[in-house]
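1. Need a 3D model of the sequence below.
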Amino acid sequence: MAALPSSIHVHLFLPMYKDEPLSFNKPKFQYRAIVNKLDLAHKVVDEIPQPKAYAWNQLIQTHLSNNHPHNALSVYHGMMLRGIRPDHHTLPRVLTASRLCSNLAFGEQVHAHAFKFGFSSDLYVITALIELYGRLHAVETAKWVLDNAPTSNSVARTILAKLYLVDNKPHLAIEIFNQMLRLKADIDPVALVTAAGTCSLLKSLHQARKVHQIARECGLEFHLLVSNSLMKMYIDCDSLEEARSLFDAMPSRDLISWTEMIQGHVKNGGYNEALKLFRLMTKARIKPDSLTVTSILPACARVPAHKQGKELHAYLFRNGIDMNPTVQNAFMDMYVKSGFIELASNVFTSMVERDIISWTIMILGYSLHGQGAQGLGLFLEMEQDPSLEIDEFTYAAVLHACVTACRVDVGMSYFDRIKAPTVTHCVLMIALLARAGLFNDTRTFIKEHQIENKVEVLRALLDGCRIHQQVTMGKRIVEQLCELEPLNAENYVLLSNWYAENAKWDMVDKLKTTIKDMGLKPKRAYSWIEFRNKVHVFGTGDVSHPRSEMIHWKLQHLMKKMEEGGGDRPSSIFSFHDVDEERECILIGHCEMLAISFGLISTRERTTVRVTKNLRVCGSCHDFTKAISKIVQREIIIKDPNCFHHFKNGHCSCGDLW
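-> Next up, the predicted model:
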């Protein structure tokens, strides 16, 4: 058969296959068509008496493009058997196939062929060898290739720097970049992106600014890929201000730009600014993807921001944005943390596919909302799916549910299943035993696991002392906490409260002086409530609100009504977690009471009142809120750092074991 014209070669070996990767997701007829074309190509090459390297190169590239590197190696093997001399396009492709197949031995043979056929100085061959050895052998071998190459360029050095990053050696990667600067090598966008990634790992703001300056000097500061990398670099180096300055200066932004900036603000607690950016992004007609959505949802996972979370959920439905399991999990987590356990349950029920994260979020969510028994039921249902592998986080969630439901027997059973219990698991078991009043079992458990001096353990034990009025034991624990954390003001406040409860005012004054002399600042209690898109914040004894007079009148009216109804006045015993300022303030001046009263006078009847407090709800407020919920026939939800308290018709979801 005579050699075919090169124009026919081009037609037969179809370089457009690059844009059509072979996939079993394609319709069967399309898959067969591609396979038939490959078979025809192989047959034609086999029948050509002396095909040139070009034909083989195209066939090798086609297999690479279709993710069949093993077939590419077979083609090269056949090429060698036919005595066809490779050219400078052949060897880089075969080296790439060797790397993708993790076949170092074959790659080493091709390296020898590079010397044999005189291509050892070819830059494409050198860069392919660097990647081969860096990925399959060791990055030092890749460096040896570069150091011993007769020629090199910035691409080869950038590849080596990337390999150092993969090998978690960012200090060597930045040295490669500095070496490029000393050699006055061409700095392209990829080199700058790699250098920015190196600074992110090093957390070096000094190096970050240096890389940014180089980008300016090269005229690449506003190359979109470079700008996005520089932004992420600054965020990773804890300089959100410089990242935002760059973002604001960018002449054009893509989805990655917006997502990076939103993530940066969320990471730094700038939730409102993150939400503002998200609104600006959608206004600019840039459609968010699943990563953007999961980035912004933590900003909505707060009681005051629940409206934004709901609006975002509706936005996704309206615009047909992919609701994959990751996004659905993020929405569940958002609803759980913003106080809407029913909506989280609705998302969970609607999921077609659930992973272990889905189940864990929902089990923990029920527990945080006082529905531990429901969380345990969900765990039993989850165990029926053999494809799910229960991890330490799921066990922590189910133990939390056991604590909420006060199921000691079930908790012990699940704890015994954990192969390597963490401190978190142990703390949950102590909380469970202490809440049940099993203090002897608690002491035995602590000794067995040798966790006597863990602060988290002592605080869990202290919680049980509060519930069961173990005053003497509680004092010993607080004193131990003061020894372990001498600079934590909260511990001295706890001890001060104990002395105040026992009318030892001289010791209270002494502790106040100690706190002041040590320069410690106890946390002040604050509560906040959202109304008409504005967050209203109240401090203890606060009279600064414009409606303060009405707020206090409402609380006095409720207190009087409760007493007229024959109810007991809420207890004035101060729990171990009361802060000093609250102890000295009358009950109706506590910040959560002020926020609740504002909610009652500002919203319509039957509307749920949702309040957040930065410290734990005190015992008096807890009892008073139960009474209020019965008097006004409203659900009141208070979120504190421990859990959600759902007050309804004179009952609380925590079962009074808060």
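
2. any idea of the pLDDT on Gln308?
-> Looking at Gln308, its pLDDT reads 87.

3. what's near enough to touch it?
-> Gln308 is in contact with 275, 299-300, counting by CB atoms under 8 Å, 6 or more residues apart in numbering. (Each C-beta comes from the backbone N, C-alpha and C, glycine too.)

4. Also Ser257?
-> Taking CB under 8 Å, 6+ apart, one finds 224, 227-228, 231, 247, 250 in contact with Ser257.

5. and of the contacts of Gln308, the nearest to Arg524?
-> Ala299 (24.5 Å; CB to CB).

6. mind checking which helix or strand that closest one is in?
-> Element membership for Ala299 (DSSP states H and E) is helix 290-300.

7. So what angle separates the directions of the helix or strand that that helix is followed by and helix 290-300?
-> Next along the chain after helix 290-300, taking DSSP H and E as the criterion, comes helix 306-319. Here helix 306-319 points in a direction 160 degrees away from that of helix 290-300 (axes from the mean of the first three to the mean of the last three CA atoms, to 10 degrees).

8. Tell me where the protein has strands.
-> Assigned by DSSP state E, the chain shows strands spanning 526-531, 534-539, 609-613, 636-639, 644-648, 651-652.

9. so what strands line up beside the shortest one?
-> I take that to be strand 651-652. Strand pairing for strand 651-652, using DSSP bridges, gives strand 644-648 (antiparallel).

10. Restricting to C-alpha, output the partner strand in CSV.
-> Extracted C-alpha coordinates of strand 644-648, given in CSV (Å, rounded to 0.1, in the frame of the first residue of the first chain):
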residue,chain,number,x,y,z
PHE,A,644,-31.1,25.9,71.2
HIS,A,645,-33.8,26.3,73.9
HIS,A,646,-37.3,25.9,72.4
PHE,A,647,-39.8,27.3,74.9
LYS,A,648,-43.4,26.4,74.2
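
11. tell me the mean pLDDT for that strand?
-> Strand 644-648 comes out at a mean pLDDT of 93.

12. residues in contact with it?
-> Looking at strand 644-648 with CB under 8 Å, 6+ apart, the contacting residues turn out to be 339, 341, 368-370, 617, 622, 625-626, 628-629, 635-639, 652-654, 658.

13. If we use 6 Å, what do you get?
-> 339, 368-369, 625-626, 629, 635-638, 652-654 (CB atoms under 6 Å, 6 or more residues apart in numbering).

14. Poorly predicted segments of the stretch 51-200 of the chain, please.
-> For the stretch 51-200 of the chain, the stretches flagged by pLDDT under 70 are 51.

15. would you list every one of the helices in it?
-> 53-65, 69-81, 90-100, 104-116, 123-136, 139-148, 154-166, 170-182, 189-202 (DSSP state H, counting those that start in this stretch).

16. CSV please, covering the ones you listed and showing mean neighbour count and distance to Asp289.
-> Output for the helices of the stretch 51-200 of the chain, formatted as CSV (neighbours: other CB atoms under 10 Å; distance: least, CB to CB, whole Å):
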stretch, mean neighbour count, distance to Asp289
helix 53-65, 22, 26
helix 69-81, 18, 30
helix 90-100, 24, 28
helix 104-116, 17, 37
helix 123-136, 23, 29
helix 139-148, 17, 33
helix 154-166, 21, 25
helix 170-182, 17, 29
helix 189-202, 23, 20
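
17. Which among those is found nearest to Leu494?
-> helix 189-202 (41.0 Å).

18. of the contacts of strand 644-648, buried ones?
-> 339, 368-369, 625-626, 629, 636-638, 652-654 (16 or more other CB atoms under 10 Å).

19. pLDDT below threshold where in this protein?
-> 1-51, 565-585, 656-658.

20. Tell me which stretches of the stretch 301-450 of the chain form helices.
-> 306-319, 325-337, 341-350, 356-368, 372-382, 392-405, 408-417, 423-435, 439-448.

21. Leu587 is in contact with His622, isn't it?
-> No. Counting by CB atoms under 6 Å, Leu587 does not reach His622; the two are 11.1 Å apart.

22. which of those two has more neighbours?
-> His622 (22 against 18; other CB atoms under 10 Å).

23. show me what contacts Phe538?
-> So Phe538 contacts 527, 591, 594-595 (CB under 6 Å, 6+ apart).

24. Could you list everything it pairs with in the sheet?
-> With DSSP bridges as the rule, Phe538 is bridged to Ser527.

25. Can you tell me how far it is from His552?
-> 11 Å (CB to CB, to the nearest Å).

26. follow-up on the earlier one: may I see the helices of the stretch 51-200 of the chain arranged in a markdown table, with distance to Lys512 as well?
-> What follows is the helices of the stretch 51-200 of the chain, written out as a markdown table (distance: least, CB to CB, whole Å):
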| stretch | distance to Lys512 |
| --- | --- |
| helix 53-65 | 75 |
| helix 69-81 | 73 |
| helix 90-100 | 69 |
| helix 104-116 | 70 |
| helix 123-136 | 63 |
| helix 139-148 | 60 |
| helix 154-166 | 53 |
| helix 170-182 | 49 |
| helix 189-202 | 46 |
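
27. Quick one, which of these gets closest to Arg209.
-> Short answer: helix 189-202, nearest of these by CB to CB, at 9.0 Å.

28. For that closest one, which outside residues touch it?
-> By CB under 6 Å, 6+ apart, helix 189-202 touches 154, 158, 161-162, 165, 170, 173-174, 177, 207-208, 211, 215, 220, 223, 225-226, 229-230, 233, 236.

29. Also stretch 371-378?
-> By CB under 6 Å, 6+ apart, stretch 371-378 touches 362-363, 366-367, 401, 404-405.

30. CA atoms of it as PDB?
-> The C-alpha coordinates for stretch 371-378 follow below in PDB (Å, rounded to 0.1, in the frame of the first residue of the first chain):
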ATOM      1  CA  GLN A 371     -34.600  16.200  70.200                       C
ATOM      2  CA  GLY A 372     -32.000  13.600  71.200                       C
ATOM      3  CA  ALA A 373     -34.400  10.700  70.900                       C
ATOM      4  CA  GLN A 374     -35.100  11.600  67.300                       C
ATOM      5  CA  GLY A 375     -31.400  11.800  66.600                       C
ATOM      6  CA  LEU A 376     -30.900   8.300  68.100                       C
ATOM      7  CA  GLY A 377     -33.800   7.000  65.900                       C
ATOM      8  CA  LEU A 378     -32.100   8.500  62.800                       C
END
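
31. Identify each buried residue in that stretch, please.
-> Buried-residue list, stretch 371-378, by 16+ other CB under 10 Å: 371-376, 378.

32. Tell me the one of those residues nearest Gln469?
-> So of the buried residues of stretch 371-378, ranked by how close each gets to Gln469 (CB to CB), first place is Gly372, at 22.9 Å.

33. who's in contact with Met180?
-> Taking CB under 6 Å, 6+ apart, one finds 154, 157 in contact with Met180.

34. what about it, distance to Leu428?
-> For Met180, the distance to Leu428 - CB to CB - is 52 Å.

35. Then Asn178?
-> For Asn178 relative to Leu428 (CB to CB), the value is 49 Å.
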